[in-house]
Each structure stands twice: as structure tokens, then as C-alpha cells.
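# Fold the stuff below for me.
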Amino acid sequence: MRLPDAPIICCISEGRANADNFREVRSSILEKIKIASRFSVNIFQIREKSLTAEQLFDLTSSAVDAANGQVLIFLNDRVDIALAAGAAGVHLPSCGLPVDWVRRHVGSGLLIGVSTHSMEEAVSARDSGADYAAFGPVFESPGKGNGVGMMELASVCAAAAPMPVLALGGIEEKQANEAIRSGAAGFAAIRHLNKLLEPK
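Reported below is the predicted structural model:
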């Protein structure tokens, strides 16, 4: 398994699934995955923190089927469920399992992405065996505060090379183009891409 060619465009699920609305949100996520490739979205990251392991497995394995090889499915944090469900990769939060530990245990069986918030974290992710890092917030974003800006993004991309770095935080179309010009291999987004992929 390998990452898509640049630009890498990663839609992160909205995190609103729970026991009460699981079927509804599951259906919405699967529909978004089915149309993702039409909008050049090539990674879909499932980030649903309020679901049980059983529900996460159901959602992730169904997402893999819905993607039909057109979009890579990543699961946030849960290495065990990502492996069991046949996901392409796992995305580790900055305070999650150590990248090198995961790499030793999964080998090449999973792609590994990591959330990073500094140059040091991005370089460490690369040196520990991550396949890519999401870095941010680059722009101001609700819940994440002020962005660090384009110069910092460019510095992180250069320092972490050749590992791909995805810009994260406050990304819409204009900001995505700026990020890619600054050296990012692509971008990850919640609000912008979920709105784009919403079935009409």
C-alpha cells in the first residue's frame, strides 16, 4: 500500500456519530466516500470518538467496501480496528501511540499518518516511520485557535522532507492552493470537505 500521488486531499469525518444517531451518520459517511473520488478526495479519515469498538469496526469495514479501491480509508487512533477492518491506514493523534512502536507491530500492513503541531513533532514522525504528517493549525480554525501561518508551514515541510506534510486547520480552496505552493503535499479538512461531499 502506498499514499496517493500529490496533491493528497484528506476528508476527516465530523466526529458527530454516537449511539443514538449511528445509522444516520454511518449512511452519510458512506455516501460521502462513494462520491469522494469525483472531487479528487483520495483519503477519508474516520474520526469518530464516541462509538464503541463494534460500531467503529462496522463503520470502517463498510467504508472500505464503499471506497471500492478509489479512496484510501484511514481510521483515527485505533490500530487494532484498522487492521481488522481492512483499512489502508491509521492516523495517530499527537498524544497517541508512538509511531515507531506501531510500525514495528504492523510492518508494512498499514500506512501511518500522525497529527503534528511543531517542526520537532513532524521531524520525529518522519524519523519514527510515519508515512505522512498532518501539520497545523495553519490558518485560524474554530476550536483550534490562531494559525501558525504559511512561513511556518513551509519550514516544517522542508524540515520533514521527504515525508509528505498535509496542511490542516482552516483550509478551504484558496488556502489549500497557498499551502501546496508552500511545499505541502496536500491538505486535510473537516468543514470544507464534508460540505463539498454532502450528497445533493
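# quick one, helices of this protein?
In the chain, the helices defined using DSSP state H lie at 22-36, 53-67, 79-85, 99-106, 119-128, 150-160, 173-181, 191-197.
# Would you point out which residue is most central in the protein?
The residue lying closest to the centre of the chain (Cα atoms, centre = their mean) is residue 45, at 4.5 Å.
# Tell me which residues touch that one, please.
10-13, 74-76, 91, 113, 188 (Cβ atoms under 8 Å, 6 or more residues apart in numbering). (Glycine included, C-beta is placed from N, CA and C.)
# What is the nearest of these to residue 181?
Proximity of these to residue 181 was ranked by Cβ to Cβ; the top entry is residue 188 with 17.0 Å.
# Quick check: nearest residue in space to that closest one, chain neighbours excluded?
Distance criterion Cβ to Cβ, 6 or more residues apart in numbering; nearest residue to residue 188, sequence neighbours excluded, is residue 10 at 3.9 Å.
# Next one: the one you found relative to residue 19, how far apart?
From residue 10 across to residue 19, the span is 27 Å (Cβ to Cβ, to the nearest Å).
# The two: who's more crowded?
Taking neighbours as other Cβ atoms under 10 Å, residue 10 and residue 19 compare with residue 10 leading, 26 against 9.
# Identify the bridge partners of that one.
With DSSP bridges as the criterion, residue 10 is bridged to residue 43, residue 188.
# In contact with it, which residues?
Neighbour list for residue 10: 41-45, 74, 134, 166, 186-189, 193 [criterion: Cβ under 8 Å, 6+ apart].
# Would you confirm that residue 128 contacts residue 100?
Yes: using Cβ atoms under 8 Å as the test, residue 128 is close enough to residue 100 to be in contact (4.2 Å).
# that older thread, format the contacts of residue 10 as JSON lines; extra columns: pLDDT and distance to residue 53.
Formatted as JSON lines, these follow (pLDDT from 0 to 100; distance: Cβ to Cβ, whole Å):
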{"residue": "41", "pLDDT": "98", "distance to residue 53": "26"}
{"residue": "42", "pLDDT": "97", "distance to residue 53": "27"}
{"residue": "43", "pLDDT": "98", "distance to residue 53": "23"}
{"residue": "44", "pLDDT": "98", "distance to residue 53": "20"}
{"residue": "45", "pLDDT": "98", "distance to residue 53": "18"}
{"residue": "74", "pLDDT": "98", "distance to residue 53": "17"}
{"residue": "134", "pLDDT": "98", "distance to residue 53": "24"}
{"residue": "166", "pLDDT": "98", "distance to residue 53": "27"}
{"residue": "186", "pLDDT": "98", "distance to residue 53": "30"}
{"residue": "187", "pLDDT": "98", "distance to residue 53": "30"}
{"residue": "188", "pLDDT": "97", "distance to residue 53": "24"}
{"residue": "189", "pLDDT": "96", "distance to residue 53": "27"}
{"residue": "193", "pLDDT": "97", "distance to residue 53": "26"}
